[in-house]
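1. Provided below for reference: sequence and predicted model.
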Amino acid sequence: MLYRLKDAGYEAFLVGGGVRDLLLGREPKDFDVATDAHPEEIKAVFRNCRLIGRRFRLAHVHFGREIIEVATFRAQHSGDEAGGVIEEGRLVRDNVYGTVEDDAIRRDFTVNALYYNIKDFSVVDYAGGVEDLEAGMLRLIGEPEVRYREDAVRMLRAVRFAAKLGFRIHPEAEKPIFELGHLLTEIAPARLYEEVLKLFMGGSAVQSYELLGHYNLLQYLFPQTAALLENDQSGVFHALILRAMENTDIRIAAGKPVTPAFLYAVMMWMPMQQRAKELRREGMTEVQSICEAGGEVLSEQNRYVVFPKRFSLQTREIWQLQPRLKRTTGSGPLRLLGHPRFRAAYDFLLLRAEAGESHQELCDWWTEFQVENPDVIPQAASRAVPKKRPRRRSRKKPADTTSVSDSGESA
Ligand code: ATP
Ligand code: MG
């Protein structure tokens, strides 16, 4: 892509995390390209290109399943008529084209402002990023307080990069974080959701969680959670979260899938429990109380960080299955195995036991029960209900159903 832009007569650089991670010997998550070509000109160079964004037009160039973001150099100097628009210290518009130097100094950290130039294969460093990269230092470009006021998400980005790269946040960039966290309340909840995913599902959840705690930022992302953690005398809630974060990091390192539904089930568990307890005192049953409290705490949480409905429904299912997991007699357990959220609910139960909140014997029972019934998968849920199904048929035509196996028989 860089060559194509160059051959079409434009300047073309790889920039941002792509350059940073390559220089660190890490595998970049995505690639960003910066150029002096304007969006329409970029579109003319690449066939598989779409222009996106209203506030600032960007080109997305598709390569199979990959998308490379190509952006025209932008300028941003507060006060200058040539730059982005700042209102009450906040960056509200950021859509003025500039030179590559302009583009460099509007970026957040020096290590994120390195430009790999395809013309001569050099890395251009306008902000001292190479030195900071070698020192493992996250330094904001410009005056830290001003930069955080322009865009408070930069505080979360500082935490995220510190966690992910094992870098230190420079003392000058670190100090204002303790005072300016409240600015995060002005950030759109949908944008915060994106940041939450990057913090907790990017492979460094443990570090991210601990740093968020250290900088008192958790209260702006999960206010109900943070409030309870402060009074968590037994340490059970903290242990639960920490174990979940460890598991998440291990799963990601092993290339296994992780879901925001589970993350939220963990983070919002204690607030949900506390509310459910109140509702039970008012006369609700356990199942009712979990259902009602789950809805309440998640909709309260939505005011701060948006949580898409398809995941919040799953989170509530994980919670609602917890009391059902306590019953190990009758036909309930077998039916539960076929529930689409069984596996997540079981994992959640294990986590609760590890944190000292439920009984290990119960977990062992379920572990054993699954070993005994390996074929009771969600699609086969109805087959798991005993007695209703006549067995004769399967003998005559063994191939007509999906999985008639030994364990199916024993079920
Ligand atoms: P990664 O993709 O590994 O999470 P990244 O540094 O590439 O890290 P992106 O969110 O992909 O992060 O952003 C690409 C680049 O855009 C950054 O490296 C930085 O130069 C710039 N950038 C992103 N967000 C901001 C911001 N809020 N303020 C200033 N510059 C930013
Ligand atoms: Mg990136």
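-> Structure's in. What do you need? Numbering: from 1, shown residues only. Ligands and ions are numbered 1, 2, ... in the order given.
2. which strand or helix spans the closest residue to L211 other than its chain neighbours?
-> Closest residue to L211 apart from its sequence neighbours, by CB to CB, 6 or more residues apart in numbering: V159 at 4.6 Å. C-betas here are computed from N, CA, C, even on glycine. Assigned by DSSP states H and E, V159 belongs to helix 153-165.
3. and that helix, how far out from the chain's middle?
-> On the basis of CA atoms, centre = their mean, to the nearest Å, helix 153-165 sits 13 Å off its chain's mean C-alpha point.
4. same question, stretch 1-11
-> Computed by CA atoms, centre = their mean, the separation of stretch 1-11 from the middle of its chain amounts to 34 Å.
5. measure that stretch end to end?
-> Across stretch 1-11, the terminal residues are separated by 12 Å (CA to CA, to the nearest Å).
6. heads up, I number from 753, so please use that
-> Will do, 753 is the new start, and the previous item becomes stretch 753-763.
7. I'd like the mean pLDDT over it, please.
-> Mean per-residue pLDDT for stretch 753-763: 97.
8. same thing with stretch 1092-1102?
-> The average pLDDT for stretch 1092-1102 rounds to 93.
9. does G841 really touch Y900, like I thought?
-> No - contact criterion CB atoms under 8 Å: G841 and Y900 do not qualify, at 9.4 Å.
10. and these two? which has more neighbours close in?
-> Relative neighbour count places Y900 above the other of G841 and Y900, with 24 against 12, counting by other CB atoms under 10 Å.
11. how about that one, what does it touch?
-> Shown in contact with Y900 (CB atoms under 8 Å, 6 or more residues apart in numbering): 892, 906-907, 928-929, 932, 935.
12. could you rerun that using 10 Å?
-> 841, 860, 892, 906-907, 910, 925, 928-929, 931-933, 935-936 (CB atoms under 10 Å, 6 or more residues apart in numbering).
13. from those residues, which would you call buried?
-> The neighbour count (16 or more other CB atoms under 10 Å) marks 860, 892, 906-907, 910, 925, 928-929, 932-933, 935-936 as buried among these.
14. just the pLDDT at V1123, thanks.
-> pLDDT recorded at V1123 is 85.
15. tell me which element it is part of?
-> Counting by DSSP H and E, V1123 is found in helix 1112-1124.
16. what residues of that helix count as buried?
-> For helix 1112-1124, a neighbour-count test (16+ other CB under 10 Å) marks 1114-1115, 1118, 1121 as buried.
17. next: stretch 815-832.
-> So, applying 16+ other CB under 10 Å, buried residues of stretch 815-832: 820-829.
18. alpha carbons of it, in CSV - could you do that?
-> What follows is stretch 815-832, C-alpha atoms only, in CSV (Å, rounded to 0.1, in the frame of the first residue of the first chain):
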residue,chain,number,x,y,z
PHE,A,815,-7.2,-6.6,2.0
GLY,A,816,-9.0,-9.8,2.3
ARG,A,817,-10.1,-9.8,6.0
GLU,A,818,-7.8,-7.0,7.0
ILE,A,819,-8.6,-3.3,6.9
ILE,A,820,-5.8,-0.8,6.7
GLU,A,821,-6.7,2.7,7.8
VAL,A,822,-5.3,5.4,5.5
ALA,A,823,-5.5,9.0,6.8
THR,A,824,-4.6,12.3,5.4
PHE,A,825,-2.1,14.3,7.5
ARG,A,826,-4.0,16.4,10.0
ALA,A,827,-3.1,19.5,11.8
GLN,A,828,-4.1,20.5,15.3
HIS,A,829,-2.9,23.5,17.2
SER,A,830,-5.2,25.0,19.7
GLY,A,831,-6.0,28.6,18.9
ASP,A,832,-4.6,28.5,15.4
